[in-house]
Each structure stands twice: as structure tokens, then as C-alpha cells.
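Peer 1: below is the sequence, then the predicted model.
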Number of protein chains: 2
Amino acid sequence: MTSLFGSRLTVINVGIEGFAAAVSDVGADVIHLDWRPPAGGDGTVARVNAMLLGDRRVDAANQRAMAAFLAVDPVVVGVRKASTVISGLGTHEHRLLHAGPPIAVAEMCGPMIGALIGAVLFEGWAETPETAEALLRTGAVNVDACHHHQAVGPMAGVISPSMPVWVVEDSHSGRTTFSNLNEGLGKVLRFGAHGPEVLARLAWMRDELGPALHRALRALDSGLPLTPIMAQALHMGDELHNRNGAATGQLLKQLAPALVRHAESSDAAARVIEFMAGNDHFFLNLSMAAAKLRLDAGSNFEGSALVTAMARNGVRFGIRLSGTGDTWFEAAARRVDGLYFPGYGPDDAAADLGDSAITETAGLGGFAMAAAPAITQFVGGTAAAAVANTRRMEAICVTRNEVFSIPIIDFASPPVGIDARLVLDSSVLPIINTGIAHRLAGVGQIGAGITSAPEMCFVAAIAGLAMRMGHDGTGPIIAAPGPVST
Amino acid sequence: MTSLFGSRLTVINVGIEGFAAAVSDVGADVIHLDWRPPAGGDGTVARVNAMLLGDRRVDAANQRAMAAFLAVDPVVVGVRKASTVISGLGTHEHRLLHAGPPIAVAEMCGPMIGALIGAVLFEGWAETPETAEALLRTGAVNVDACHHHQAVGPMAGVISPSMPVWVVEDSHSGRTTFSNLNEGLGKVLRFGAHGPEVLARLAWMRDELGPALHRALRALDSGLPLTPIMAQALHMGDELHNRNGAATGQLLKQLAPALVRHAESSDAAARVIEFMAGNDHFFLNLSMAAAKLRLDAGSNFEGSALVTAMARNGVRFGIRLSGTGDTWFEAAARRVDGLYFPGYGPDDAAADLGDSAITETAGLGGFAMAAAPAITQFVGGTAAAAVANTRRMEAICVTRNEVFSIPIIDFASPPVGIDARLVLDSSVLPIINTGIAHRLAGVGQIGAGITSAPEMCFVAAIAGLAMRMGHDGTGPIIAAPGPVST
């Protein structure tokens, strides 16, 4: 086994042992911690967390990580074919990217398998869904997490080499992140659909939408800065995870003239504008890439308890901390508590899915819910609860993002920077606004709601950070857990 | 003198006698009421108002008027040259329309004179500003209120025969209203500027913008219904008077594809889209025309105390009631209490100006301010005050507009339907969010703020309605006012 923290694919599995085998199947190193939650927080984890809370090195590292996060200026500079910009996704590598922490094909949920089948068909690596699935199950097509390639994707989050991707660049450091283009609602790949209309839309996005957006962006001198659009959208009822209508409108306002001037034809320009105007989620993928760009800048600060990723693969929820590098700390993904579309209910739902919780990790989505009281029509709850959710997240965040403000709370800035120590200490879990996918491939979205990151992820992360920082080593945590709650 | 209520141009002047002469100068019949406010509301007006409050005929008439108001479905069906659609504005009539109640040229404020000079130049009726002003001052060019021609215009509100105007139609009754197209900020006609760049922009709006919008609207089967756009905008931080960015974005989303498909060239389409995208107030004139369309439907219900217009000409503020036909009840226009742009202060300000208070009359703007807490950055105050303003307007409104809702107050609908009796009874004056014009022609907007309709307008209106409804006749009101407050 390699060093616990040296390898990108080290996974610490806490609790249910069955997960560990699955993770090791995909080639990752796995450490299984036979841990169970302490009663009332009065156990070893609470004691270790108290040590970390008293450790000034962690506070100092958090400050440095947050400064790096806040210094980022995300600018969308182009739309490129994934294979030409994403490392490890060359056209001859037969690799596909998916949402969440790494997961073996054998374990995947319906929507994710369906989306991967669609991507294999889209790439022309197979002719039928059956042969596509066989390629995946035999390992002839490699799969990996988007997050391992500076990318993020909503729901199944599948990115294949030929797909167009947004390129978002930090104007200061030149660092980049990527996300796919949003397909809209209905039968779409990200919910696992892969019928002819889905593949036809993907081909149009590759051949017309992507190049048109790229030409428009190149016509703007230095790309399109995303922070002003996002700040404005927070004044217009978006929280930039499940409400992106205002940001999409701002994007359209800024791109449409250049789109028209540089289109191949009037009809092509009209089709592109119609597609963007008809999909209020179109900006979501940019919101996600901007969030990841900030969080990547805040990553790898030795000792920092800052959460740098929250992601779900439909089976497990994983988080990363700045101070523990690329290690994923995982727990079972939850069902989402929400409002279902007519004809659907909780039994139809897949578990929590997608990279889109990167928005909450960066202080948007549920953390900025006070900006978007209208979202309660979509995810449930009351306007007062929306405001209260933002207020509650202050308890687990280290600062506020001063580039944003929320009018209804007298222009207070939303909280940002989840400190894993504060999550355990307060028992306030990060809130996530999210869509609900049907558990079967291709049915699509069946609702939306509110969920939270599982506490067990934070228990594992704090254990990992404590080991690394020399607080009591691993012994007591693993060997002497608090009494099991009965 | 014609019958008090038979003529469209009858004006009841209450209080300062100087106004009466000015109004009669423009050919209107004037009745001067030598009234002064009662102390503590315990005078004749309060007594007469109490009689009207107890008069079930008024309640019943209000109900019928509001039902007509609420039944309207405003749809923008085209953009036409004003002379072809607005009666009395034929190209050979040498007439110009302006905002507010009627006013003689000799009395007008700077921005309004400046705008009229610009319109004379734009029409080619004169070659220089000096000769244009002479034409206006000698009466060779006739001026009349927009409201007398089913039209409304923000600030100076000048509409000339060649200008393109929005045509907004009630899909049920076929009734129409009109408004000019918004020019954006900076040097613009509505603030009295009339330099070459202003006239060039007006020419472009006439030759390219108007026809392009018209072709796009005609390409939509039955025009573009405005209520869904306005309802959505109220969920996105607009109050549809001083914040129209979301509504403008929705308008662009819906029109852009047809604009591109039916443009004369890609460059023309790009120019039109750029102009709309660069002006967050572009939707204001549609909001105003939709408001007037609803209020016109609620007009002329015998006995109703419903306020059907509030408008300012920069000198006087005028209101109309449903139950008193086309009579204007006027008082001196107020200064606006607001935030000034750097370098300007209250001494630079023109008095309250423009037809845009038609939005508040229809339950938008200040009445829907809870939907737009971000507006406090523009007009002053706190988010809590914005919510409180909407709540306070409930005291003077007869119902709520159920087609709209405001998320932050748990989707409550905004109050609508100002009852003049309730204004006097509660001493709650209708709130108005508005821009502040410089008092000199052409300087432009120098701030924005909050004002309210003058109480004296409501005193005069209630006196007029009481006479008409036979409550104590005119004698006691005019001859026996309450004791003057000292």
C-alpha cells in the first residue's frame, strides 16, 4: 500500500465494510476504519475534534486556503472539445468521466450506467446499448471521476472525449476547470437517457452549439468574467444551484450579440439562442466550474480543515479536505427529501447524485438560499426557512464571500468555507439543494429537494486530518470508539 | 362652462389658486375649490369621506371596476409608428404628447420643454432648438397629455408622430394602450436632452429597432403575453417600475430567436439585441402600458373610488378616479426623497415627473417593493423597509392581484386597487419608486428615490366623488372647511 496521503486514489472507508471491497475494485488503496458513531458526540471523535479545534495550525492553514479561494477570478474563456483540453481524456484512451467519488461500474446506479452507455454510443465505440454496456462491464472502457480531471458534471456527470466543455480560467493563475454543457430537461444523458433524440442533441451540441459559443467567447477580448454575473444573479432570485434562470439570462444578454455576429447563419444563431433561452439551468455548469476553480485553489493547504469538494455518485457521498489532499471520505448517499413531480414518489428515487454539490461547497446553492426564496416552490419549505438555512450555514463556515451579497438579509454576504471541525462540533450538516433522479436509467428528473451531506463523511475526514496532524494517531480512534448508541 | 364631469379636460383645482389660471390657459375647464386641510382629519372632508365609506354603491362599483381590471390579459402585439395607431397624433396634426396631467407650455419644467424641443427637431418641424422652442411657445405645435390618447411615457413622456410605440392589447376586449420605447440611460429625450446623439438614436429606433421588434412580434402567433413575464420578474427581484432587469431579460429570451430569424442582417439583429441587453429599463414602458391597459378597463364605473391614474408633469401631480371619469385632481408635484448620484443633490432636482406612477396605480413598483429588496441600493432604505412598504399599501387597497406573488412574504400576492377613501381615512399615501431628473433640460437622471402621491389630490378627488354621489352637495365642502391648522 502506498502512503495514506500520497496517492490520489486512497480512500478511507468508515463504517460499513462492504464499501471497501468495491472501492478497491477500481484500483484505489482503501483503509477501512471500523468506526461507529459516539453517543451524543462524547466519544473519541469529539475528543480528537476538540484537539483540532484548539490547533492554531489548522486555523492558520484555513486562512491561507480561504485567501487562495477568494483570490480566484473565474472567467469563461472558451468551449472546447473535451479531448483537447482535459488531461487523460484523449480520444484513444477510451475513458469516460462520471460524477462523484470514484466508483466501479458494477456498483453504479441506473442513471449513471445509462449515461455511460449513451456516451459509448455517442463516441461510436459500440453500435447498440447492449454492446456498449458489455464494453463498460468488461473494463474495455475505463471510467474515472470528473474531479480527478479538474472537471465537474451535474447528475451522472458523464463527460466523453468528443463532448464540448466550458473552459473556465482563473485570470490570475491561469488554472483551469471544465464542465459539460447543460442539455436541458426531459430525456437527457445526465439522467441516464440514451435514445436517438438524446444522441442527436449531443451531436448538435458538439457540432453547432459548442463552436458557436466558442466563437462568441473568443470575440470578447478576455472571455466573460463569471463573478459579476453570479453576483447579479443572487440579486435576482438565483442561488446558482437549482435556480439559474437569472444567471442564464445574464449570460445570454452578454453573449447574444457576439453569437449573432459570428454565427454560421441566422438560423444557427437563432437555434443556439433558442436553446439557451429555453433552459433556465444552462448556467448551472458554469456555476459548478467556477466553484471548482475556487476550491481547487484552496486545496492542498497542509493542516486545513476546509472542505474542498462534496460530490455524489448515486451510491456514495464523498468529501475532500484541503489538508488531506485528494483523499475521499465517504458515506452512503442519502435519499433526497423533496417535492416529487406528479406520479412519482420516494420509492422511485435514486440516491443523491452529481457533482453539483460543488456549488454548496463554494458557498452557493443551499448556502445562498436566502437569495432565492422562490426556490421553495421547487424544493419545498417556506421563504422563512430559506433565509434560516443560509443563517444556519454560518455556524460551519469560516468566513463570508464579500463579492456576493443577498438583498433580503440587508445585503449580508453568504457564508463560505466549510470547516469540517465546525460541522462535527455543531452537528449542523451542510445543506444541499438538488434535483432528484429516477433510479432507473433514462426516466429523468422526478423531483427536487433538500438534503445534507452525511455526518459520517465528516467523521472520517476529521479522523484523517487528526492522524495527519499527529493528534493521538490512529489508534484510539479506530480501536476505542465511543459506546454505540442503541 | 360645460358640465363638471362631462368634459375630458375639466380640472378641479384645490388650494393654491395660481394653478387654476395655468390650467385654464390650455383650454380646460377649471373649478377652483378654496379648500384648506382640516385639522386632524376632523373636518368636512373627513365627514364626507365617512359618508362615502358607508355608501355601499361605492363598494359595489369598486368591485365591478376591479373585476374589469383583473380580467385584462395584456399582450404586446406589435411596435408601430405612433401616427398610425394613436388617435389625434396624425402626422399633419402637429401635436406632441407629454407625461402627467395636461399643462401649458409656459408652465412646463426644464426636462419637459427640452424633450418637446427634441421631438419638434426629430419630426423636422424646425431646424434649430431655438425655432423649435418658438413653435412650442406660440402654440403652433399643440401639446396634450399621453393619458388622453391611451398612452403613457416615463419622465417627460414625449411621444411624437414618427416615433415607434409598443402596442399592448387586451386579448379579451381588443382594447389597446401604447408607450414609447425606452432609450436607455445617459443623454436621452425623456430627461430633456435633444443633442445630435439623442436624435440619431431616435432615428435608429424608428428605422431599425421598431421594425425589427415588430417583425419578431408578428412572427409569434398571437403576440407576447406580458403577465407571465411580469409574474416571473417579481420572482427575480424586479418590482417593474425601477427594477426591470429580469423582465427585460425574459423579453429578450422570448424575442431574440425571432429577432435573429427575421432581421434584415446579422449586424442589425446584433445591434437590436445589444441595445435591449444593455438597458435594464427596457421593459419599463411595457410594464407601464400593461398597467394602463388594466386601469383603463377599470375606469368609468359610476361611483367607484378606485384610483385609475397617478401621473406627474413635473409641476403638478394628478390622479383620476374610476367614478369621476376623465377629471384630473391635482396638487403640486413633490421633490423626491432619494439617493443622488455623485455631484448632485436635492437643489438640482426637478419635481416628481412622468407617467410611470401608473405602475404603482396598478399594484406594481412601490406596491410590490417586497419583491425587490435590492432596489434599496437604488432608491434608499433597508430590505425590511421594502417589505414593510408592500405591507403598508394593503391598508389602502381593495384586493390583491392573484396573478402575481412575492416569494419572500411566502408567496403573498401584492395589494392592488387604491381606494381614495381608504387613503384619506388611513392617511397612508400611495408610495412611488421613481427616478429623479435634473431640473435643467438634458442633464439627465441624477438619482432615484421614494415619494408618495400628495394627500391633496385625494382630498380633491373625494370632494369630486362626494358631489357626484350626492353626499351633502358641494356647498359645505367648499364653503365650510374645517379649521385651518396653525
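Peer 2: Yes, it's here.
Peer 1: where in the stretch 151-300 of chain A is pLDDT low?
Peer 2: Nowhere does the stretch 151-300 of chain A drop to pLDDT under 70.
Peer 1: give me the spatial nearest neighbour of the residue in the stretch 51-200 of chain A that chain B sits nearest to, chain neighbours excluded.
Peer 2: The nearest approach of the stretch 51-200 of chain A to chain B comes at residue A:184, 13.7 Å away (C-beta to the nearest C-beta). To be clear about C-beta, it is placed using only N, CA and C from the backbone, and glycine gets the same treatment. Once flanking residues are discounted, residue A:184 sits nearest to residue A:279: 4.2 Å by C-beta to C-beta, 6 or more residues apart in numbering or on different chains.
Peer 1: ok, residue A:323 next?
Peer 2: residue A:304 (4.3 Å).
Peer 1: from chain B, how far out is that neighbour?
Peer 2: Counting by C-beta to the nearest C-beta, to the nearest Å, the gap from residue A:304 to chain B is 34 Å.
Peer 1: my guess is that residue contacts residue A:325, does it?
Peer 2: No. If you go by C-beta atoms under 8 Å, residue A:304 and residue A:325 don't touch, sitting 10.7 Å apart.
Peer 1: these two: who's more crowded?
Peer 2: Between residue A:304 and residue A:325, counting by other C-beta atoms under 10 Å in any protein chain shown, residue A:304 is the more crowded of the two (30 against 19).
Peer 1: up against chain B, what does the stretch 251-400 of chain A have?
Peer 2: A:252-254, A:256-258, A:260-261, A:263, A:266-267, A:269-271, A:273-274, A:277, A:373-374, A:376-377, A:382-384 (C-beta under 8 Å from any C-beta of the partner chain).
Peer 1: please identify the buried residues of the one helix or strand residue A:450 maps to?
Peer 2: Assigned by DSSP states H and E, residue A:450 belongs to strand A:445-452. Neighbour counts over strand A:445-452 (16 or more other C-beta atoms under 10 Å in any protein chain shown) mark A:445, A:446, A:447, A:448, A:449, A:450, A:451, A:452 as buried.
Peer 1: got the residues you listed as JSON lines, with distance to residue A:437 and pLDDT columns?
Peer 2: Converted to JSON lines, the buried residues of strand A:445-452 look like this (distance: C-beta to C-beta, whole Å; pLDDT from 0 to 100):
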{"residue": "A:445", "distance to residue A:437": "6", "pLDDT": "90"}
{"residue": "A:446", "distance to residue A:437": "7", "pLDDT": "92"}
{"residue": "A:447", "distance to residue A:437": "9", "pLDDT": "92"}
{"residue": "A:448", "distance to residue A:437": "10", "pLDDT": "92"}
{"residue": "A:449", "distance to residue A:437": "12", "pLDDT": "92"}
{"residue": "A:450", "distance to residue A:437": "15", "pLDDT": "93"}
{"residue": "A:451", "distance to residue A:437": "13", "pLDDT": "93"}
{"residue": "A:452", "distance to residue A:437": "18", "pLDDT": "94"}
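Peer 1: near chain B, which of the residues you listed show up?
Peer 2: Okay, of the buried residues of strand A:445-452, nothing touches chain B (C-beta under 8 Å from any C-beta).
Peer 1: of these, closest to residue A:66?
Peer 2: The shortest approach to residue A:66 among those belongs to residue A:452, at 22.1 Å (C-beta to C-beta).
Peer 1: now the closest one: how far from chain B?
Peer 2: 22 Å.
Peer 1: and that residue, what does it touch?
Peer 2: A:334, A:429, A:430, A:431, A:432 (C-beta atoms under 8 Å, 6 or more residues apart in numbering or on different chains).
Peer 1: go again with 10 Å.
Peer 2: Residues in contact with residue A:452 (C-beta atoms under 10 Å, 6 or more residues apart in numbering or on different chains) are A:310, A:317, A:334, A:336-337, A:352, A:357, A:360, A:366, A:423, A:428-432.
Peer 1: and residue A:196, by the same measure?
Peer 2: Residue A:196 touches A:121, A:187, counting by C-beta under 10 Å, 6+ apart.
Peer 1: residues contacting the most centrally placed residue in chain A?
Peer 2: By C-alpha atoms, centre = their mean, chain A has its centre lying nearest to residue A:355, at 2.4 Å. By C-beta under 10 Å, 6+ apart, the contact list for residue A:355 reads A:97-100, A:145-147, A:151-157, A:179, A:285, A:288-289, A:291-292, A:309-313, A:361.
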